[in-house]
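Asker: got a predicted structure here, sequence first:
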Amino acid sequence: MFKNISQRVKQYTNWIFVIIWMGVIFYFSNQPDLQSGLPNNWDFIYRKLAHMSEFAVLNFLLIRSFSYSKISFKNILTVSFIFSALYAMLDEYHQNFVLGRQGSVKDVLIDSIGIIFMTIFYPRLKYKHRAKSTDDL
């Protein structure tokens, strides 16, 4: 009985983190003319790395949240990828309504690089973590 409650708490907690992170993305996308204060070329690079990172984190959180469902790991990766990419599109669409911002297909592609990165490397991280846990026994 307690194991089921513990699993449910973990499941809900993971989804709460997804919602919070989506809120963080929305908050930053809602900032007019967001600049880092770095010189132009460095600011551009910094902002694009931020795009990739924020959507890699979203994909990571989604994979963890969906991992409590009864679908295969391959399908979890696929659904998480699709959901993250759709949110990237929605985020860029939202930016069309923010003063000083504009949505861009190029930014969706840049966001997708982070999503792809996490889709490829999450299984490796998961396997490495399991191997390390097994070695500790």
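Answerer: It's in. Numbering: from 1, shown residues only.
Asker: what residue lies at the spatial centre of the chain?
Answerer: Centroid check for the chain by CA atoms, centre = their mean gives Leu58 as the closest residue, at 1.5 Å.
Asker: how much space separates Ile19 from Lys106?
Answerer: Separation of Ile19 from Lys106 (CB to CB, to the nearest Å) stands at 27 Å. The way it works is simple: take the backbone N, C-alpha and C, and place the C-beta from them, glycine included.
Asker: where does the chain have low pLDDT?
Answerer: Residues of the chain meeting the criterion pLDDT under 70: 1-3, 127-137.
Asker: what's the offset of stretch 68-76 from the middle of its chain?
Answerer: Offset of stretch 68-76 from its chain centre (CA atoms, centre = their mean, to the nearest Å): 17 Å.
Asker: 11 is where my numbering starts, stick with that
Answerer: Sounds good: first residue 11 from here, last item stretch 78-86.
Asker: between its first and last residues, how far does it reach?
Answerer: Across stretch 78-86, the terminal residues are separated by 10 Å (CA to CA, to the nearest Å).
Asker: same question, stretch 74-89
Answerer: 12 Å.
Asker: in that stretch, what counts as buried?
Answerer: Arg74, Ser75, Phe76, Ser77, Ile86, Leu87 (16 or more other CB atoms under 10 Å).
Asker: off-centre distance for it?
Answerer: Computed by CA atoms, centre = their mean, the chain-centroid distance of stretch 74-89 equals 15 Å.
Asker: now secondary structure and distance to Pro49 too, for the buried residues of stretch 74-89, in TSV please.
Answerer: Shown next, in TSV, are those (DSSP: H, G, I helix; E, B strand; the rest coil; distance: CB to CB, whole Å):
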residue	secondary structure	distance to Pro49
Arg74	helix	37
Ser75	helix	39
Phe76	helix	40
Ser77	coil	42
Ile86	helix	41
Leu87	helix	38
